[in-house]
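In: with the sequence up front, the predicted model follows.
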Amino acid sequence: MTEELETPTTAGPLRHLGQVRRGNVFEETMEQLLRGMRLGVLAPGRKLPAERELAESLGVSRATLREALAELQAAGFITIQRGRYGGAFVAAEPPAETAELRSEDQGRVEDVLVYRAVVEPAAAELAARAALTAAQRTELNAALEALRAAEPAHYRPLDARFHVTIAELSGSSMLAASVAEARAATSQLLDRIPFLETNIAHSDEQHTRITTAILTGDSALARTLMLEHLEGTAALLRGFLADGSAS
């Protein structure tokens, strides 16, 4: 049985957990919890703080916190114990398949995320400005629908195709090539983290809003929505792949 240690308080170690911003609440909650584990704020084998305390520390609802904890349990980062001394505990050892993730080169991760944050919002903005043909509109809608209907095993390739399709609609072959390069590098990183159903549902909502903004010609909104979408993905990648020292 895991030894029950004194639960840290908000005034103590939990102050090192960052407050979650609006927009990608689930993804940033995951990032902060994983960062806390890497920093030892949420130490291996230790019982997690009370749900209310942890949610207040992160600045999120208890419902969001429960979603994040459920995904972390499914991925093997926390365990649930029943009984008088039960509760949610940080796993004594991280999932075996994540051992290599913890040594991921942080510079490489940040390079990919910065590059993507530059080229993809620009592509979405230009696609919304373009005078799209009926065939191009059909192509974008088809890419979206294929993604929304995708099985988990096929989701990430179709996700990549959706993003590249937007870039192709920008009218710039060089920009489309850059987005394809950025997305290929991102896919390599995404393949190294768990597939999170809650994140996928949120991403699908964002994809739909991005598509609508492009098809209605709202270039400023298309750029903003794409950037917000990318920030959610970045939060997960930093959470799983970062060394924990960055905020």
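Out: All right, it came through fine. Numbering: from 1, shown residues only.
In: what's the burial count for L158?
Out: Look at L158: counted by other CB atoms under 10 Å, it has 18 neighbours. The way it works is simple: take the backbone N, C-alpha and C, and place the C-beta from them, glycine included.
In: quick check: it vs E231, distance?
Out: Relative to E231, L158 is positioned 21 Å away (CB to CB, to the nearest Å).
In: same question, E28
Out: 8 Å.
In: pLDDT weak spots in the protein?
Out: 1-19, 96-105, 243-247 (pLDDT under 70).
In: and stretch 110-127, how far from the chain's centre?
Out: 16 Å (CA atoms, centre = their mean, to the nearest Å).
In: residues contacting it, please?
Out: 140, 163, 166-167, 169-172, 175-176, 178-179, 182-183, 185-186, 189, 210, 213-214, 219-220, 222-227, 230-231, 234, 237-238 (CB atoms under 8 Å, 6 or more residues apart in numbering).
In: switch to 7 Å and redo it
Out: By CB atoms under 7 Å, 6 or more residues apart in numbering, the residues outside stretch 110-127 that reach it are 163, 166-167, 169-172, 175, 178-179, 182, 185-186, 189, 210, 214, 219, 222-223, 226-227, 230, 234, 237.
In: what subset of these is buried?
Out: The neighbour-count test (16 or more other CB atoms under 10 Å) marks 163, 166-167, 169-170, 172, 175, 178-179, 182, 185-186, 189, 210, 214, 219, 222-223, 226-227, 230, 234, 237 as buried among the contacts of stretch 110-127.
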